[in-house]
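Enquirer: make a model of this:
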Amino acid sequence: MKILLILIGVIVGFFLLLFIAGMVIAAITGSKKNRKVFAMTLLDQLPTELIQKLREIFKAHKSGNVEKVNKITESISAVQIHEVMNLLSPKSRPAQFSSGKLGDALAWTALENGLQENGYSNNASRIVAGIINLDLDSVL
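Expert: Numbering: from 1, shown residues only. All right, here's what the predicted structure looks like:
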């Protein structure tokens, strides 16, 4: 009788584990799709010229070319830098992707500081941190 109860418990536990794993996988998949839609919506708010600059910045960042990232950032006008900074800030991150105000601020600050230690300018580090933390890299 004990063996039958243990066997039933193992079977129920196995199906419960499969159910929970399915929920987690579905949440992750849906979240990635939603993040991509959010990223595209965010980029649609910018002029095409600025989106192209962000692409160039991200490509240079991916290839490790810090000087090129800094040069591209310097070539962006002050008005456009302000527009990008407002759009790529932790405040722009929707609640469903957020780890809370403190968590978002810490993630942004840590990434910005790490980039600045590697030679990125202040503005370049803020732009790259925004691209990464807002998942814009999935659509750039």
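
Enquirer: C-alpha from now on. contacts and neighbour counts both.
Expert: Fine.

Enquirer: how far out from the middle of the chain is the helix or strand hosting residue 35?
Expert: Secondary-structure element containing residue 35, defined by DSSP states H and E: helix 2-44. How far helix 2-44 lies from its chain's middle: 21 Å, per Cα atoms, centre = their mean, to the nearest Å.

Enquirer: could you number the chain from 8 rather than 1 from now on?
Expert: With the count now opening at 8, the last piece we talked about shows up as helix 9-51.

Enquirer: what does the very next helix or strand once past it rub up against?
Expert: Toward the C-terminus, helix 9-51 is succeeded by helix 55-70 as the next helix or strand (DSSP H and E). Contacts with helix 55-70, where a contact means Cα atoms under 8 Å, 6 or more residues apart in numbering, come from 50, 73, 75-76, 79-80, 87, 135, 138, 144, 147.

Enquirer: tell me which of those residues fall in helices.
Expert: Here DSSP state H is the test, and these give 50, 73, 75-76, 79-80, 87, 135, 138 as lying in helices.

Enquirer: residue furthest from the geometric center of the protein?
Expert: Here the chain has its C-alpha centre computed as a mean, and the residue farthest from that point, by Cα atoms, centre = their mean, is residue 8 with 53.2 Å.

Enquirer: rewinding a little: buried ones among the ones in helices among the contacts of helix 55-70?
Expert: With burial judged by 16 or more other Cα atoms under 10 Å, the buried subset of those is 50, 73, 75-76, 80, 135, 138.

Enquirer: helices or strands up against the helix or strand bottoming out on mean pLDDT in the chain?
Expert: Here the helix or strand of the chain ranked lowest by mean pLDDT, DSSP states H and E is helix 9-51, holding a mean of 80. Other elements packing on helix 9-51 under the criterion 3 or more Cα pairs under 8 Å, 6 or more residues apart in numbering; DSSP states H and E are absent; no helix or strand qualifies.

Enquirer: what angle sits between that helix and helix 55-70?
Expert: Between helix 9-51 and helix 55-70, the angle comes out at 130 degrees (axes from the mean of the first three to the mean of the last three Cα atoms, to 10 degrees).
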